[in-house]
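Asks: Just the structure for this:
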Amino acid sequence: MFLHIFTTRLKCLMRDFGMMFWTALFPILLATLFGLAFTNLSSLDTFKEIPIAVVDNAAYQMSPGLKPALEGVSSEGENKMFLLTACSEEKAAQLLKDDKIKGYLLPLEGDKLRVVVKESGISQTILKSFADHYLQVSSAYKEILMQNPSAIQALMDTTQKDVNYFKEVSTDAKPDDTLVYYFALIAMACLYGGFQGLKEVSAVQANQTCQGARVNLAPVHKMKVFGYSLLAAVLIQILTILLLICYLYFVIGVQFGDKLGYIILAVVAGSFMGVAFGAMVGAVMKKREGIKIAVIIGLSMIFSFLSGLMFPAIKYIVARNVPILSYLNPASLISDAFYALYYYDTLNRYFLNIGLLFGFSGLLFLIVYFIMRRQKYASL
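Replies: Numbers count the residues shown, from 1 in each chain. Sure thing, here's the model as predicted:
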């Protein structure tokens, strides 16, 4: 009996084109649009060395600190910030006019420094910040040495000392701001499994569909039929999410890490959550099916928005101001599970989210069970 009902429901669900479009094809279509919109987006944030010039005059040659400071941020290495050209003031002005440099530094007598730029921008701001920082440090050193000349060695030791204020944690994950969108898209696709859950609830409600009337007249208990059908819906949902992940990985190029088993577990947890969400809406609401579908879409979009699908910053705003909402929003739990799996070096947050998803799913299924088993009909 189980195998017959299960396989029959699988065939019915796969033949429902409208259902398969919204649960399988629509997320893939949206992922394609994301892929087109986010092409080379990450490379825009890649820092490139800023071409600048410094006027090689007498003040520059006599400055005890400016030349070493510029060489320190212009030499090859992880601290390289500028592409430096030392030249005359006339040539520097010409290079700036021809847009070959972003600005140039003009050393003046008295260890003063002037920044010359043609327009405002990020590169010009960085150059100005460097000049201001150099002047502040240089002035502080002069003041200290005037008051205590013997402090010169201590100042040199402080300057040369390599102080590390951060703890380095190795990870193979490459930073990618677009992952928030893709993980939120997966969460939305999981919640769209609510259409599957709603369809299975309607299929056993005699006051909603003709099929429901026939199920209630059949010699098999309707809750058995309902349970077997829900399992088929969950399986279809799991397969559609796995299809979406394969498309994201092999076609779009989204990275999920190398923990395949945990990725599949997150898909299963998200699929159970989506189907349970739709089943609860179908069981609790007494309205017609069209209104129930609208509620599922509306709530799914709200949950997805709060998880960063349309505006990634809202995810962090919610986590900072209303942290409890991050643990009650199923879309955030799903997307954060993938996020933690990809970035974090521990699985604590991942297992917390997975546990909450299965816990909420079980609670929703229990609510649906107690509502459905008490439904009686005066006549069919």
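Asks: Assign a three-state SS to Asp177, would you?
Replies: Recorded secondary structure, Asp177: coil (DSSP: H, G, I helix; E, B strand; the rest coil).
Asks: oh sorry, the question was meant for Pro51
Replies: Reduced to three states with three-state DSSP, the structure at Pro51 is strand.
Asks: can you check Thr346 too?
Replies: Thr346 ends up coil, using three-state DSSP.
Asks: Tell me how many other residues surround Gly110.
Replies: 7 (other CB atoms under 10 Å). Placement of C-beta: from N, CA and C, glycine included.
Asks: tell me the phi and psi of it?
Replies: The phi and psi values for Gly110, taken as degrees, to the nearest 10, are phi 80, psi 20.
Asks: Report the contact partners of it.
Replies: Taking CB atoms under 8 Å, 6 or more residues apart in numbering as the definition of contact, Gly110 has no neighbours.
Asks: Next, work out how far apart it and Ser88 are.
Replies: Distance from Gly110 to Ser88, counting by CB to CB, to the nearest Å: 21 Å.
Asks: Would you state the strands of the chain in chain order?
Replies: Using DSSP state E, the strands of the chain run over residues 50-55, 82-87, 103-108, 112-117.
Asks: Comparing these, which comes out most buried?
Replies: strand 50-55 (a mean of 22; mean count of other CB atoms under 10 Å).
Asks: What average pLDDT does that strand get?
Replies: Average pLDDT, strand 50-55: 92.
Asks: What score does the most centrally placed residue in the chain have for pLDDT?
Replies: In the chain, the residue lying closest to the centroid (CA atoms, centre = their mean) is Val180, at 1.5 Å. Looking at Val180, its pLDDT stands at 89.
Asks: check contacts around it.
Replies: Gly308, Pro312, Lys315, Ser335, Tyr339.
Asks: And for stretch 49-60, what's in contact with it?
Replies: Counting by CB under 8 Å, 6+ apart, 66-67, 70, 80-89, 91-92, 95-96, 100-109, 111-112, 123, 126-127 sit against stretch 49-60.
Asks: How far away from the center of its chain is that stretch?
Replies: The chain centroid and the centroid of stretch 49-60 are separated by 41 Å, computed with CA atoms, centre = their mean, to the nearest Å.
Asks: Can I get that stretch as CSV, trimmed to CA atoms?
Replies: These are the backbone C-alpha positions of stretch 49-60, laid out as CSV (Å, rounded to 0.1, in the frame of the first residue of the first chain):
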residue,chain,number,x,y,z
GLU,A,49,47.9,49.8,-6.6
ILE,A,50,47.4,53.6,-7.0
PRO,A,51,49.7,55.3,-9.5
ILE,A,52,51.1,58.5,-7.9
ALA,A,53,54.2,60.6,-8.2
VAL,A,54,56.5,62.5,-5.8
VAL,A,55,58.4,65.6,-6.7
ASP,A,56,62.1,64.7,-6.3
ASN,A,57,63.3,68.1,-5.0
ALA,A,58,65.7,69.1,-2.3
ALA,A,59,63.1,68.9,0.4
TYR,A,60,62.4,65.3,-0.6
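Asks: Helices of the stretch 1-150 of the chain, residue ranges please.
Replies: 2-15, 17-20, 26-37, 58-62, 66-72, 89-97, 122-147 (DSSP state H, counting those that start in this stretch).
Asks: Great, nothing more from me.
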